[in-house]
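*Asks:* After the sequence you'll find the predicted model.
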Amino acid sequence: MRGEETRGFQSEVKQLLHLMVHSLYSNKEIFLRELVSNAADAADKLRFCALSKPELFEGNSDLYVRIAINKEKRTLTLTDNGIGMYRNEVIENLGTIAKSGTKAFLKSMSGEQLKNNHLIGQFGVGFYSAFIVAYKVTLLTRAAGAKINEGVYWESTGEGEYTLADIEKINRGTEITLYFREGEDDFLDEWYVRKVISKYSDHIALPIEIETKDEKNNLFKWEKINKATALWKRNKAEINDTEYKEFYKYITHDSSDPITWSHNHVEGTQEYTSLLYIPSKAPFDAWNRDSKQGLKLYVQRVFIMDNVEQFMPNYLRFVRGLVDSNDLPLNVSREILQDSRITQNLRTSLTKRSLQMLEKLAKDDQEKYDQFWKEFGLILKEGPATDQANQQILAKLLRFSTTYSADTKQSVSLDDYLHRMQKDQDKIYYITADSFAAAKSSPHLEFFRKKNIEVLLCFDRIDEWMMNYLINFHGKTFQSVSKEDESLNKLTDEKTIEQKETEKAFGPFIERLKNLLNNRVKEVRLTNRLTDTPAILTTDSNEMSTQMAKLFTAAGQNVPEVKYIFEINPQHLLIKRVTEIEDEKLFSEWIELLFDQALLAERGTLEDPNQFIHRMNGLLIKSLVK
Ligand code: ADP
């Protein structure tokens, strides 16, 4: 054949093919969905390109997908008259995996891990899924607008290589033939194929036709087997859950059901239809900055582009789905979208819709909401800092681990918290730390435990940043328990006469400490908020918190040294004993030790841990030798 050539698949394609063929795919029929979806995309692309170049239709703008089964040859042929491909496009599209995230992901996974059905589903295996059921696949294609002799032939057995050649092809578009393996006879049965296709194809706006024999006249004819109306344009009441779910899988290539969805037709100053979904699992590349996110954009039912990020704030980047606008022009480009007022308005309303959808989910189905939070909570936590306008509704959606639940699962809402607040309590207390364990065991919590006041335990990296932006919720301000807080005095018991006397008695001790620590601390004072801990460090409200200072340092920024308030628990036996030490040197050793202990509890690290250990051992020996 003219221009014949055999080429090797890119190694990642080989890996994917091998996996697909050799892992037990419980859901073989998905290849039909993938191929029909490619054909529908090809039709969408042609329609879009023809908006500016109508000649690409080559005089025929009736687009379709056709399926023909040949029982003798054991083949199924799927034909479309969409955009088609040039030779270089065939090489690019059907010999490599373009998505950079997929490549990296495949590299990082072992074969065993990849046999997991769900993981494979996340790729959107696409065209290559044909090899799940076929031992050989051939493809004939010609790009819309290309010359008749610019057709391309492609053939492969899905092992290491494929063959290419130039051919003449009269009809524009792509024709794919699958040669079924032994045992895949189901797909040779017209009724079975109809059943599979009708499961997900009614909403595809493109007619899907199957070749069927009119026994009476012994003639073949094409019969349309789908409704061919865009699902999102249909009336909500007429669409059932299965259809919504199938449509989700069709547009996202995700093999799991979505957690929830929201479908809206909006008329008035803005006219659009949106269909938004929350996936049940975060995609493997959710954290990859380059991963494609965003909604599909249609304008008056014509598909315009994929992955439009402009319609959602970054913290809702997990929302999938589409928007069909009546207001945007058909020739809209990414650049125009970027600064269009219509985009801005759409973004505002789609953000609202997404948040309302989550609110409803939280109200109706706690289990599902927990699942959502587990998958996407960390992303949603970017919201309060970046979207002031929606801060209250976002705050409602947050979930925390707290001193009441005391497990790592974040399941307490701020509404739950408000309901459980103490009578005189007018703030929402939280602590930020590096880990759940560090938060839970922090000495700052002793007072709150004693008083039975619930404290939010924040231990995700993003929490300090988020809590800094959360100002209040239902009129209650947020307060870090490691910061100085006047309001706590209200919750503290009246000082007894005894305590007042203690305070007086400790006067000289405090002075002694101040002299010793000098300008290393902001202040030294007694506290009655501790029980088991001799001393802690707190910061005043103007000071940067320890967690924030750590974040800045980790990001390579210079931060001024945090000046702490050193608070002493006069009831603690160690403190009582230390006050009695007269020897200045020994006294200073003890104070340094207590100060380092408090620093360790607050920061989790010490500048000079060896000095700390050395000092402690010295004091231990002294007390044992006695
Ligand atoms: P995906 O559809 O997820 O991009 P596929 O492996 O299914 O991945 O297809 C790769 C590419 O091949 C598509 O993006 C498209 O450019 C091209 N392609 C596949 N099928 C067709 C078709 N029927 N007509 C035109 N192009 C196609």
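*Replies:* Received the coordinates, thanks. Numbers count the residues shown, from 1 in each chain.
*Asks:* Report the closest residue of the stretch 301-450 of the chain relative to the ligand.
*Replies:* Closest approach of the stretch 301-450 of the chain to the ligand (CB to the nearest ligand atom) occurs at residue 306, with a separation of 9.5 Å. Where C-beta positions appear, they are placed from N, C-alpha and C, glycine not excepted.
*Asks:* for the stretch 201-350 of the chain, same thing?
*Replies:* residue 253 (6.4 Å).
*Asks:* re the thing from before, the residue of the stretch 301-450 of the chain closest to the ligand - how many residues pack around it?
*Replies:* The number of residues packed around residue 306, counting by other CB atoms under 10 Å, is 14.
*Asks:* what's the burial count for the spatially closest residue to residue 502 that is not a sequence neighbour?
*Replies:* Closest residue to residue 502 apart from its sequence neighbours, by CB to CB, 6 or more residues apart in numbering: residue 570 at 5.2 Å. A count of nearby residues for residue 570, using other CB under 10 Å, gives 19.
*Asks:* got a list of what residue 570 touches?
*Replies:* Residues near residue 570 by CB atoms under 8 Å, 6 or more residues apart in numbering: 502, 503, 506, 526, 528, 576.
*Asks:* Let me know the secondary structure of the last one.
*Replies:* It stands for residue 576. Under DSSP: H, G, I helix; E, B strand; the rest coil, the three-state class of residue 576 is helix.
*Asks:* just to revisit the earlier point, a markdown table for the contacts of residue 570, including neighbour count?
*Replies:* As requested, those are exported to a markdown table (neighbours: other CB atoms under 10 Å):
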| residue | neighbour count |
| --- | --- |
| 502 | 16 |
| 503 | 15 |
| 506 | 19 |
| 526 | 19 |
| 528 | 17 |
| 576 | 14 |
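*Asks:* What part of the protein, helix or strand, is modelled with the least confidence?
*Replies:* Least confident helix or strand, the chain: helix 117-123 with a mean of 55, by mean pLDDT, DSSP states H and E.
*Asks:* right, and the residue of the stretch 201-350 of the chain closest to the ligand touches residue 41 too?
*Replies:* No: if you go by CB atoms under 8 Å, residue 253 and residue 41 don't touch, sitting 11.3 Å apart.
*Asks:* Leaving out sequence neighbours, find the closest residue to the residue in the chain that the ligand sits nearest to.
*Replies:* Taking CB to the nearest ligand atom, the ligand has its nearest neighbour within the chain at residue 126, 2.3 Å off. Excluding the flanking residues, the one nearest residue 126 by CB to CB, 6+ apart is residue 34, at 5.3 Å.
*Asks:* And the average pLDDT for the host helix or strand of the one you found is what?
*Replies:* Residue 34 belongs to helix 30-52 when assigned by DSSP states H and E. In this model, helix 30-52 has a mean pLDDT of 90.
*Asks:* dump the residue contacts of residue 487.
*Replies:* Counting by CB under 8 Å, 6+ apart, residue 487 touches 426, 427, 479.
*Asks:* which of those residues count as buried?
*Replies:* 427, 479 (16 or more other CB atoms under 10 Å).
*Asks:* Tell me where the model's unsure across the chain.
*Replies:* Along the chain, segments meeting pLDDT under 70 span 22-26, 98-125, 200, 284-292, 626.
*Asks:* how about 80 then?
*Replies:* The chain contains residues with pLDDT under 80 at 15-16, 18-27, 30, 97-125, 198-203, 283-293, 331, 406, 487-499, 626.
*Asks:* I'd like the distance from residue 518 to residue 578, if you could.
*Replies:* Separation of residue 518 from residue 578 (CB to CB, to the nearest Å): 18 Å.
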